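>>> Model the following, please.
(chains A and B)
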Amino acid sequence: MSDSKFEPRIVGFLCHWCTYTGADLAGTTRQQYPAGIRIIHLMCSGAIDVVYVLKSLLDGADGVLIGGCHPGDCHYQTGNLKARRRIALLRSVMETLGLDQERVWLRWISASEGRLFAQTIREYDGALQSQGKNPLADEWDL
Amino acid sequence: MKTTVIDLSSDSFNGEIEAFLTRLLESDLVGSLLVPKQTTGGDNYVHALIKNPALLADTDIGAPVMPVQAARIISNLTFRDPGEKIGVVVRPCEARALVELAKFKQITRDSLLIIAVDCLGTYEPKDFSALCKAGKTPALDLRKQAATGACTADENAPFRSACEICEYPAIDAGVVDLVVGLWGVDTEKQLYVEAGDELADALSEKSILEFNGQENAKRQEIIDSVKADRTKSCEQVLGDFSSKVNSIKGIQELLSTCMRCHNCMINCPICYCRECVFRSPTFEHTPDQYLGWAKDKGAIRMPANTVMFHLTRLNHMVISCIGCGMCDTACPNDIPVMSLFRTVGRNAQKMMEYVPGQSYDEPAPATTFQDTELVTEAGMSGH
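The predicted structure follows:
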């Protein structure tokens, strides 16, 4: 196994008002974090439908990160709390079906938390390094 | 709540019900009735929307077959106010599906007079048809067994697998308007009905049905014991099943013969979306997209997104899954979809502390939230 060379691919669904802006801040303040994240811009974490998360995982993404505003800070009042319900449900479904729940992360990162964004990606990257490659990446029959 | 026991002359159960429904339809309480009626072929019962009381002939409110989930039909009839009250005869799983559909604004509860009938079990439509064609009387045979609660399927046809593990052989009168009880009732001699006070008074006043206040002590006792038995088999069946689907390999084996016909979705009473994402432009991919995915993985199953279809459907509706098993009935390749949904559903429903079909007042979990909840479940402890 050449695990040392394994670079996890993370799909990040980030909300416009907080985490996406936080990611922007991470860049402008020159925070270092692994390059394996591919960011998809959403207006709100509450706009996430599990179909996008599942598509990412079944196509072989090693992890999916959904980033939203801290509770109470949602630009649309409560979109993030609806996202939390949806992700809790998704993780419950995944658990019953023996799929790795830790491949889905929901995190609150505000627009001013560029450092936290970079730290979260580093942390997720590290966790996925030890989890290894998403086994679904090699499954054709899905 | 008011109750009544009506004495029947020799086995006139269907006749008495038909007379009651005729009086109801002729009254101003409803403008039409939706009742299971024998098809012209004689080997099936389908819901008929009846305006002319003469056509209440050959109806059977307890026919043990469910070719279509009535909640779907009722949604078609009442997603907008139909302008009149429709009396609908449903079984408990259909009544429970109506509760869920009301929460998604897919039915107008106020335009319905819901008559729920205790369910003694149902056969697959093809099995029911075969029994009828062999000259048997499955509806009558079951009704005769209801008094003792020992309702067993015909030797030549099992009940639908969903019915075998159904914990809701009867529904609480509070969720519907009127209940026709069968469990514990000697249906050759008696008819047992429960209704809310207001409706009971209206029915008495209009001489549609007298409520004499007599109760049936045995009914609840038998329902409780049927429930206990079914709960036990349910635990057993779903316990066995969950060990089969707790890996991607297990899921692949389960869905091996799926041909993505969407029948499970089309026949599911809870899958109400007029346009499912899987039938929308989101899933109309271009040739180069398919080829790109095939290149990435070396090969992809076609039609694409089979596992994703089922996983997405699980996420979208499993919280509200009432376990009617129409997905099983609809699957042309006998994939145990119901077992999958109930296995996943019982864990998800437990997490959300939600019992689908139980109460109109409880909001559907997807439509609500609390400020501080599900932190651990969403994997956010310490974050």
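
>>> Surely residue A:12 is in a helix?
No - with the criterion set as DSSP: H, G, I helix; E, B strand; the rest coil, the secondary structure at residue A:12 is strand rather than a helix.

>>> contacting residues for it?
Under the criterion of CB atoms under 8 Å, 6 or more residues apart in numbering or on different chains, the contact partners of residue A:12 comprise A:19, A:23, A:37, A:38, A:39, A:40, A:64, A:65, A:66, A:67, A:121. Placement of C-beta: from N, CA and C, glycine included.

>>> Which of the residues you listed fall within helices?
Secondary-structure check on those using DSSP state H: residues within helices are A:19, A:23, A:121.

>>> Between those residues, which sits nearest chain B?
Relative to chain B, the closest of these is residue A:19; by CB to the nearest CB it sits at 12.6 Å.

>>> Tell me where chain B has helices.
B:13-26, B:70-78, B:92-103, B:125-133, B:138-145, B:161-164, B:197-205, B:217-244, B:248-254, B:263-267, B:287-297, B:306-317, B:326-330, B:337-351.

>>> need those in CSV with mean pLDDT, distance to chain A and mean neighbour count, can you?
Putting the helices of chain B into CSV (pLDDT from 0 to 100; distance: least, CB to the nearest CB, whole Å; neighbours: other CB atoms under 10 Å in any protein chain shown) gives the following:
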stretch, mean pLDDT, distance to chain A, mean neighbour count
helix B:13-26, 95, 42, 18
helix B:70-78, 97, 22, 22
helix B:92-103, 98, 15, 26
helix B:125-133, 97, 30, 19
helix B:138-145, 94, 34, 20
helix B:161-164, 96, 19, 20
helix B:197-205, 96, 37, 15
helix B:217-244, 96, 7, 15
helix B:248-254, 97, 5, 17
helix B:263-267, 96, 14, 19
helix B:287-297, 95, 5, 13
helix B:306-317, 96, 4, 23
helix B:326-330, 97, 16, 24
helix B:337-351, 97, 5, 23
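
>>> can you list the ones you listed in CSV and add distance to residue A:78?
Listed next are those as CSV, based on distance: least, CB to CB, whole Å:
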stretch, distance to residue A:78
helix B:13-26, 45
helix B:70-78, 28
helix B:92-103, 18
helix B:125-133, 44
helix B:138-145, 49
helix B:161-164, 36
helix B:197-205, 38
helix B:217-244, 33
helix B:248-254, 33
helix B:263-267, 29
helix B:287-297, 35
helix B:306-317, 20
helix B:326-330, 32
helix B:337-351, 20
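
>>> picking that back up, and the contacts of residue A:12 near chain B, which?
Applying CB under 8 Å from any CB of the partner chain to the contacts of residue A:12, one finds that nothing falls near chain B.

>>> what about the closest residue to residue B:190 other than its chain neighbours, distance to chain A?
In space, not counting the residues next to it along the chain, residue B:190 is nearest to residue B:5; the distance is 5.5 Å by CB to CB, 6 or more residues apart in numbering or on different chains. Between residue B:5 and chain A the computed distance is 45 Å (CB to the nearest CB, to the nearest Å).

>>> Residue B:192 is in contact with residue B:5, correct?
Yes - taking CB atoms under 8 Å as the definition, residue B:5 is a contact partner of residue B:192 at 5.5 Å.

>>> Find residues that contact each of those two.
Shared contacts of residue B:5 and residue B:192, counting by CB under 8 Å, 6+ apart, come down to residue B:216.

>>> of the two, who's got more company?
Neighbours of residue B:5 and residue B:192, each counted by other CB atoms under 10 Å in any protein chain shown, are more numerous for residue B:192; the result is 23 against 17.

>>> does that one have beta-bridge partners, and which?
In this entry, residue B:192 is beta-bridged to residue B:5, residue B:181, by DSSP bridges.

>>> who are the neighbours in contact with it?
Shown here is residue B:192, whose contacts under the criterion CB under 8 Å, 6+ apart are B:3, B:4, B:5, B:6, B:180, B:181, B:182, B:185, B:216, B:219.

>>> hang on, isn't the fourth one packed against residue B:190?
To tie it back to what came earlier, the one meant is residue B:6. Yes - the pair residue B:6 / residue B:190 is scored as a contact, 6.7 Å apart, by CB under 8 Å.

>>> Neighbours of residue B:4, how many?
Here the number of neighbours of residue B:4 (other CB under 10 Å) works out to 20.

>>> can you check the one 5 residues further on too?
The burial count assigned to residue B:9 is 8, neighbours taken as other CB under 10 Å.

>>> Mind pulling up the pLDDT for residue 3?
With no chain named, the answer covers chain A. Predicted confidence (pLDDT) at residue A:3: the value is 50.

>>> looking at chain B here, not the other one
We note a pLDDT of 95 for residue B:3 in this prediction.

>>> Over to residue B:276?
What the model reports as pLDDT for residue B:276 is 92.

>>> excluding its backbone neighbours, what's nearest it?
In this structure, residue B:276 finds its nearest non-sequential neighbour in residue B:265, 6.3 Å apart by CB to CB, 6+ apart.

>>> I'd like to know how far that neighbour sits from residue B:322.
In this view, residue B:265 and residue B:322 are 15 Å apart by CB to CB, to the nearest Å.

>>> repeat for residue B:335
When distances are taken as CB to CB, residue B:335 and residue B:322 turn out to be 19 Å apart.

>>> Of the two, give the one with the bigger neighbour count.
When residue B:335 and residue B:322 are compared on other CB under 10 Å, the one with more neighbours turns out to be residue B:322, at 30 against 19.

>>> Residue B:95 is in contact with that one, correct?
No - taking contacts as CB under 8 Å, residue B:322 lies outside contact range of residue B:95: 9.2 Å.

>>> shared neighbours of the two, anything?
residue B:357.

>>> who's in contact with the residue lying closest to residue B:51 once chain neighbours are set aside?
Closest residue to residue B:51 apart from its sequence neighbours, by CB to CB, 6+ apart: residue B:32 at 5.2 Å. Residue B:32 sits next to B:25, B:49, B:50, B:51, B:84, B:86, B:87 when contact means CB under 8 Å, 6+ apart.

>>> switch the cut-off to 10 Å
In this structure, residue B:32 makes contact with B:25, B:49, B:50, B:51, B:52, B:77, B:82, B:84, B:85, B:86, B:87, B:88, judged by CB atoms under 10 Å, 6 or more residues apart in numbering or on different chains.

>>> Among the residues you listed, name the buried ones.
Buried members of these, scored by 16 or more other CB atoms under 10 Å in any protein chain shown, are B:25, B:50, B:77, B:86, B:87, B:88.

>>> hmm, which two among those are most spread apart?
B:25 and B:77 (15.5 Å; CB to CB).

>>> quick one: the helices in chain A?
A:19-28, A:50-58, A:79-96, A:114-131.

>>> Report the inter-axis angle for the third one versus helix B:337-351.
Between the axis of helix A:79-96 and that of helix B:337-351 there is an angle of 130 degrees, by axes from the mean of the first three to the mean of the last three CA atoms, to 10 degrees.

>>> quick one: contacts for residue B:25?
By CB under 10 Å, 6+ apart, the contact list for residue B:25 reads B:31, B:32, B:33, B:35, B:50, B:51, B:52, B:53, B:55, B:56, B:87, B:208.

>>> how near is the most centrally placed residue in chain A to residue A:132?
When chain A is reduced to its mean C-alpha position, the closest residue under CA atoms, centre = their mean turns out to be residue A:65, at 0.3 Å. Shown here: residue A:65 relative to residue A:132, a distance of 18 Å by CB to CB.

>>> wait, doesn't the residue nearest to residue B:276 sit right on residue B:309?
Yes - because the distance of 8.0 Å satisfies CB atoms under 10 Å, residue B:265 is recorded as touching residue B:309.

>>> what do the two both touch?
By CB under 10 Å, 6+ apart, residue B:265 and residue B:309 have these common neighbours: B:276, B:278.

>>> Any regions of chain A where pLDDT drops low?
Across chain A, the ranges flagged by pLDDT under 70 are A:1-4.

>>> I'd guessed residue B:120 sits against residue B:62; true?
Yes - taking CB under 10 Å as the contact criterion, residue B:120 and residue B:62 are neighbours in contact, 6.8 Å apart.
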